[in-house]
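Q: Please find the sequence and the predicted model below.
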Amino acid sequence: MHNYEGLKNGIKSQLGIDLHSYKEQQMRRRINQWLDRHSLKSYNQLLDVLRSDEEHRAKFLQYLTINTSNFFRDSSVFTNIEKQVLPAISTHNRPKIWSAGASFGAEIYSIAMLLAEYNYFPQLLLATDIDEAMLEQGRNGIFQPSQLTGLTQKYLEKYFTDLGDGRMAISEELKRRIVFQQHDLLKDPYQTGFDLILCRNVFIYFTSETQKRLTARFVQSLKPGGYFIVGSAEQIVDPASFQLDRVSYCIYQKKL
Ligand SMILES: C[S@@+](CC[C@H](N)C(=O)[O-])C[C@H]1O[C@@H](n2cnc3c(N)ncnc32)[C@H](O)[C@@H]1O
């Protein structure tokens, strides 16, 4: 009943997601939960439903990619971004910032709000994700109450409009600064010349070989002296082997 190899191949051809690079135990547990929830008896049955039911396919994709996020996630990291990283890169020529695995954009909007406080905007604020539905929400900039945790009253008042039904809309000024683009970290080419790349709470789902391969690719995409920021469960064990120095908790800098 549970032929995981067959499922991986089916998901790759139907959804374009290569589960070979994701941690197997974690993914299998998640997929099995999905089977239980939808009374599906086997991986083959799941593949049949994915083939025939577009709505099921979209929901399963969202479930699989786990797009939980919130504004200013890990506030101590954001304190260091504000105090150390943004002042440093603001001295660079036409800086570029990339939030990879951006989900609905909470991370890149948090960065944009910090920059707006100094009335400073880089050349590019890029947010990418594999999940187009999440990117679309980021582009629309309208958030549910559950997605607004982490925001102080000051930021809510300054950068959001209350839509009257609990949802909040982010300011047009911030919205138009950000480019939301679909991108699969496992197979698409990476842009280069970044001063700051954030890839947080994405690596946890990948195998350690994939994590290493992607770390090397991110470093290639950074300018010398550029910063790379990971999630709290994703510390890089041997930063020097990737030409990185550890600057502070979760924050690394590419050697000059
Ligand atoms: C838990 S969220 C993290 C969001 C945000 N970075 C944060 O820390 O709050 C993980 C995101 O990674 C995205 N993701 C998973 N696999 C990906 C891949 N192969 N390429 C690009 N994004 C991917 C998911 O769609 C999801 O939005």
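A: Yes, it's here.
Q: Pull up the pairing partners for the longest strand along the chain, direction included.
A: Secondary structure of the chain per DSSP state E: the longest strand is strand 222-230. Applying DSSP bridges to the sheet, strand 222-230 is found paired with strand 194-199 (parallel), strand 251-254 (antiparallel).
Q: For it, which outside residues touch it?
A: The contact list for strand 222-230 (CB atoms under 8 Å, 6 or more residues apart in numbering) reads 77, 81, 85, 88-89, 92, 193-200, 203, 215, 218-219, 236, 244, 247, 250-256. All C-beta atoms are positioned from the backbone trio N, CA, C, and that covers glycine.
Q: Apply the buried test to these and list what passes.
A: Neighbour counting with 16 or more other CB atoms under 10 Å marks 77, 81, 85, 88-89, 194-200, 203, 215, 218-219, 236, 244, 247, 250-254 as buried within the contacts of strand 222-230.
Q: mind checking which helix or strand the residue nearest to residue 15 when sequence neighbours are not counted is in?
A: Of all residues not flanking residue 15 in the chain, residue 61 sits nearest, at 5.6 Å (CB to CB, 6 or more residues apart in numbering). Assessed by DSSP states H and E, residue 61 sits inside helix 54-65.
Q: tell me the average confidence for that helix?
A: Mean pLDDT, helix 54-65: 91.
Q: And stretch 181-193, by the same measure?
A: The pLDDT scores in stretch 181-193 average 97.
Q: and for that stretch, what are the contacting residues?
A: 16-18, 21, 96, 98, 100-101, 126-130, 132, 135, 199, 202, 210, 214, 217-218, 220-221, 223.
Q: So which of these belong to helices?
A: Of the positions in the contacts of stretch 181-193, 132, 135, 210, 214, 217, 218, 220, 221 sit in helices, assigned by DSSP state H.
Q: among these, which two are most distant?
A: 132 and 220 (25.7 Å; CB to CB).
Q: Ends of stretch 182-200, what's the gap?
A: 17 Å (CA to CA, to the nearest Å).
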